[in-house]
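# coordinates only, no sequence provided:
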DNA sequence: CGAACACTTGAACCTAATCAATGAGTGTGG
DNA sequence: CCACACTCATTGATTAGGTTCAAGTGTTCG
């Protein structure tokens, strides 16, 4: 009923969709709806920012549409992509919980939309909904473990291994299965992939040229197709 | 009084020391003492393991003496050091909270000792002590931000920059100020530093040779001395 | 005193970055 | 619908940065 009074809550997906968000696992629909009452939404066009590194953390987000990348761009340095954020994933909460401001920027890869809470509301929500606090702990713990895997890859693997592993990871996250084929299609350009594994688009192009002959990968302007079985053989190869 | 009955709790540092642990900020001494009742301690000699990657997460730890490194050693791959753990720092809790087992191994760099809780006790503690849950959220949020900085360094910086940055970081964490000098001494060998920045001891040695002439650094068997002011000029240098 | 280990240095090799030039795909405006 | 501009992808030539392997030196410890 409060829908009529607060139009920003009338997001079409509503509480049902949100239960796919890891923060709301095992949280009752009524409680999710209660939490939703404190939100608005924000739309950001391709290339726009939800926040920038250095900003004070005044808000937290859950992406509901589009794609966001967490980047860090120092002047005179290569760009690094730290993480891709997909629909139903929270972002921006590390700074709100840590209290030292954002250390990364959140940039939209495409037209996208996110739910927005005030950072102060977040703390309040967690104290009044222990299951959400619990889910946050689990989410952050899993992300830390994921980052360890990534750091270890950067420390020990060859570039070719890293590209292969990154594509398999991204394939499972942002990929779509092709029809009647084990192939997986990704919307991803060479530049972003390069920034994700720490190399240049040139080198990505060279690696792809080699792989294309073996039907491990195919790619064009802004898209990549991988054959996971064959690509997996390159994870652990000596490079 | 329960000290007499549970000798493993009679750790000399006791509750007072533990309040320096980030998990126990703003937690009353009585509550810390209560939490301590569920612990034992474990000593591990140099090179020994608290847990190994792949193990189920049955315990969580707070280091009270010595130094521990989180490593990941795949056969046939270079070793990577993911994090150094110092006294009063918790470790092993990511797996306990995430529920998918340890993805890293915890190896003692030197003779060390840690408080041990059962993983199940951890969840119980957090629900009955909300401030501890709150502190955990903050701790993990800060660690995620720290890992972003590290990943960004690995993605975008030259090796020399990474070594400089790593030494400044480690200096502030495991360093001791030299007497009557701005220099900082670290107990750290070339191999561990190499595994931390993703290179080989050879290259570390070469970088140090260059820096030694400018009195940026000095090093010997198992130790490093840095002059932070001069070293800081190498962070952001072009390589 | 001897053995094991950690560090140093040199030389050869190799990976990936850089720079330059070209080609292909996309969007815009006439 | 075409021409143009722009961005993204490819390829080649060159160079720089790091790894690898081998040999030698210095330390620590039993």
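Sure thing, it's come through. Because the structure is predicted, anything quoted here is derived from the model rather than measured.
# list the contacts of stretch A:78-87.
A:63-73, A:91, A:104, A:106, A:109, A:170, A:173-174, A:192, A:195-196, A:198, A:200, B:148, B:151-152, B:155-156 (CB atoms under 8 Å, 6 or more residues apart in numbering or on different chains). C-beta: built from backbone N, CA, C; applies to glycine.
# could you chop chain A up by domain?
Domain ranges of chain A: A:2-153, A:159-232, per automatic domain parsing.
# so can I have TSV of those domains showing mean pLDDT, mean neighbour count and distance to residue B:212?
Putting those into TSV (pLDDT from 0 to 100; neighbours: other CB atoms under 10 Å in any protein chain shown; distance: least, CB to CB, whole Å) gives the following:
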stretch	mean pLDDT	mean neighbour count	distance to residue B:212
domain A:2-153	88	18	27
domain A:159-232	96	17	29
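# distance to DNA strand C for the ones you listed - can I get that in CSV?
Listed next are the domains of chain A as CSV, based on distance: least, CB to the nearest atom of the strand, whole Å:
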stretch, distance to DNA strand C
domain A:2-153, 7
domain A:159-232, 3
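# the contacts of stretch A:78-87 in strands, which ones?
A:63-65, A:68-72, A:91, A:106 (DSSP state E).
# can you give me phi and psi for the residue nearest to the spatial centre of chain A?
Nearest to the mean C-alpha position of chain A, by CA atoms, centre = their mean, lies residue A:85 at 1.7 Å. Here is the backbone geometry of residue A:85 (degrees, to the nearest 10): phi -110, psi 130.
# list the beta-bridge partners for it.
Per DSSP bridges, the residues bridged to residue A:85 are residue A:68.
# relative to chain B, how far out is it?
Distance of residue A:85 to chain B, computed by CB to the nearest CB, to the nearest Å: 13 Å.
# now the helices for chain A?
A:2-5, A:14-18, A:29-36, A:93-98, A:119-128, A:130-156, A:159-174, A:190-197, A:201-213, A:228-232 (DSSP state H).
# follow-up on the earlier one: could the ones in strands among the contacts of stretch A:78-87 go into JSON lines alongside distance to residue B:229?
Formatted as JSON lines, the ones in strands among the contacts of stretch A:78-87 follow (distance: CB to CB, whole Å):
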{"residue": "A:63", "distance to residue B:229": "43"}
{"residue": "A:64", "distance to residue B:229": "48"}
{"residue": "A:65", "distance to residue B:229": "49"}
{"residue": "A:68", "distance to residue B:229": "39"}
{"residue": "A:69", "distance to residue B:229": "36"}
{"residue": "A:70", "distance to residue B:229": "32"}
{"residue": "A:71", "distance to residue B:229": "31"}
{"residue": "A:72", "distance to residue B:229": "25"}
{"residue": "A:91", "distance to residue B:229": "37"}
{"residue": "A:106", "distance to residue B:229": "35"}
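# and residue A:32, what does it touch?
So residue A:32 contacts A:15, A:18-19, A:24 (CB under 8 Å, 6+ apart).
# now check stretch A:169-188, is it near chain B?
No. Using CB under 8 Å from any CB of the partner chain, stretch A:169-188 stays clear of chain B, with a minimum separation of 13.9 Å.
# between the two ends of that stretch, how far is it?
For stretch A:169-188, the first and last residues are 13 Å from each other (CA to CA, to the nearest Å).
# what of stretch A:92-111?
Distance across stretch A:92-111, first residue to last, is 18 Å (CA to CA).
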